[in-house]
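Chemist: coords below, sequence missing:
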């Protein structure tokens, strides 16, 4: 309040005044002339996006009242703060994006759509061009999301745009070349899933010296294959050009020549032309930093546009790769020797033939996930398969022509292992799984779900999380607080009344996890209905259309999840992202509405909806188990004894020790696990009943009345 009064006084006497209009225009004209390929004359055309962006900058940055408001909200900048050339550059550079892509037509729209096609504006354009503080615009960040807290604070103070995240936001028009003005600071561009958005001139790559993350999958960016200009992005770490018009051309080796830091590529769902002798160039194979390659549903064609097949041998040379998925991309020949670094390999319906020998003969190879559904593989499954790959979590072999009558014991022993590393998904045909006594299959044929829908969506980031376990949402999620509206997860407090269902609000009584500084990996689930995706840890549970709570890791494209309104939404895609912050608010019902989606407060163990012990699966859901176990915590809070304290990692003491104990119990033999879990449940069912009595006046009255009657009867018997 003191700062606001001082600023208002300075404003009233003219001591606080924003830069003038001439300064803004002169600066922008000078900026437009510093890069040779920018159109200087466009600023004289009142209808151009450049002119509109300049006028928006002149309006917003010269508004003294808005400057005063900014100073009030950011006192650390000081009362003498004013916008300068840096702010003009950032504002103008970002504003050109808005005016060139918001409800604007382009070549691809005119080529594909009818005359009555409706040009729609951005889905979310909050604060764009009206607020002089461009760092607050939707999708804009002036810090890199995966940096440390200290680095983020320093970056924020610099007020240079570092991240642009406008995925799934109905961008149309054409990406502006003026983005090059931000090249000295811009690290992230995420335009994923803006299909009608267009770009074909990539000259600006040469000025993007700091760009690390470039995602434009499912857009209409166009080039003849993978263009050589890509090699200008020498700091690039992750690239998603899947399902775009970077197609109908060769994969240029030159494009990857200088990308020494590239660790992730998704180039699936595209068509590439044949290059004699080398369809996958050496420059791509030899990337020492590349650890994740998604090459699914790719077609290679010749000049006659006939499909071309070639061996998968190139993967042998990729000796840093950890995950490689090639689903529906057609190859010829057998499975080659695989690099020892590989952990996750998927080649569904790839046309592979031959046997599995190379999977046990490749030097030091130890896979943990394997999908080979729908090929023409033959022979037997090697007896030592499970010994070589002794940390398997997933193996799907259905839809092949194996002569084996069952999975070998070395695989089945992993299924029955009583520890957290047990093999949880084994799929095969009836021939492999029809022996009821000896089969260890968890699914058979079509029931495995790989026929209509292949593997889960590719992961996007590859950083290492530093949270102890996944019981959290990212801070980028929003929750509806009663009489307030949408509030960021990171800004919630105990006592806030939050939405848990349609028109149902409950107070937050605790945080299972609350850590502003943790860097964590989350699954981002987008639907065709909700505006913003929900981001939650892999084990955290989410509600499906039939009111079941399942781990987020099990959700895939096409699944139906439940909304706050009771309606269902179809999952469009899932990604894995890394965010700063980890939060897990607890409510009395055990659920919470996050970005309009109903989610649980709790996690599922074993990657399963239900409790599994040994070979037995119980009908006890982890949602019910967790909610029952937490009744003691809720009861303590209800009685005024629920003080909050957290571990160094931000995990509630009410959660940390029970979590570790439950994990330990699950690792014991079946008799010990069953005895301890059901004995504990008996106690916590009692605390749950007491909680229900105390929270329900009618039930409390009934219990009190019944207890009184019983007591009087006992007294009467004694007197008689």
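Modeler: Yep, that arrived. It should be emphasised that the depicted structure is a prediction, and the values quoted were computed from it without experimental measurement.
Chemist: alpha carbons only for contacts and neighbour counts from here, please
Modeler: OK.
Chemist: can you pull the contacts of residue 358?
Modeler: Contact partners of residue 358, counting by CA atoms under 8 Å, 6 or more residues apart in numbering, are 335, 336, 337, 338.
Chemist: Name the helix or strand for it, please.
Modeler: helix 357-361 (DSSP states H and E).
Chemist: That helix: which residues count as buried?
Modeler: 357, 359, 360 (16 or more other CA atoms under 10 Å).
Chemist: Could you pull up the mean pLDDT of that helix?
Modeler: Helix 357-361 comes out with an average pLDDT of 93.
Chemist: what do you get for stretch 103-120?
Modeler: On average, the pLDDT along stretch 103-120 is 87.
Chemist: Run the chain-centre distance for that stretch.
Modeler: Relative to its parent chain, stretch 103-120 has a centroid offset of 30 Å by CA atoms, centre = their mean, to the nearest Å.
Chemist: What lies in contact with that stretch?
Modeler: 102, 121, 122, 170, 171, 172, 173, 174, 196, 197, 198, 220.
Chemist: Checking the second one next. Helix, strand or coil?
Modeler: Translated: residue 121. Of the three states, residue 121 takes coil under DSSP: H, G, I helix; E, B strand; the rest coil.
Chemist: C-terminal to the helix or strand hosting residue 512, which secondary structure element comes first?
Modeler: Using DSSP H and E, residue 512 sits within strand 510-527. With elements assigned by DSSP H and E, the helix or strand that comes after strand 510-527 is strand 534-536.
Chemist: Can you name the element that comes right after that following strand?
Modeler: strand 540-543.
Chemist: what about that next one, average pLDDT?
Modeler: 92.
Chemist: If we ignore the residues flanking it in sequence, what's nearest the spatially most central residue of the chain?
Modeler: Centroid check for the chain by CA atoms, centre = their mean gives residue 524 as the closest residue, at 2.8 Å. Distance criterion CA to CA, 6 or more residues apart in numbering; nearest residue to residue 524, sequence neighbours excluded, is residue 535 at 4.4 Å.
Chemist: Listing request: residues of the chain with sub-threshold pLDDT.
Modeler: 1-18, 145-147, 277, 416-422, 435-438, 451-471, 557, 642, 693-720 (pLDDT under 70).
Chemist: what about residue 486, neighbour count?
Modeler: 16 (other CA atoms under 10 Å).
Chemist: mind checking the SS state of it?
Modeler: Applying three-state DSSP to residue 486 yields a three-state assignment of strand.
Chemist: Name the nearest residue to it, ignoring sequence neighbours.
Modeler: Leaving aside its sequence neighbours, residue 486 is closest to residue 480 (4.4 Å, by CA to CA, 6+ apart).
Chemist: Confirm for me that the one you found is in contact with residue 492.
Modeler: No: the criterion here is CA atoms under 8 Å, and residue 480 misses it with residue 492 at 10.0 Å.
Chemist: And the closest residue to residue 318 other than its chain neighbours, how close does it get to residue 293?
Modeler: Distance criterion CA to CA, 6+ apart; nearest residue to residue 318, sequence neighbours excluded, is residue 285 at 5.4 Å. Going from residue 285 to residue 293 by CA to CA, to the nearest Å gives 10 Å.
Chemist: Please apply the same query to residue 487.
Modeler: For residue 487 relative to residue 293 (CA to CA), the value is 36 Å.
Chemist: Which one's more surrounded, the two?
Modeler: residue 293 (22 against 15).
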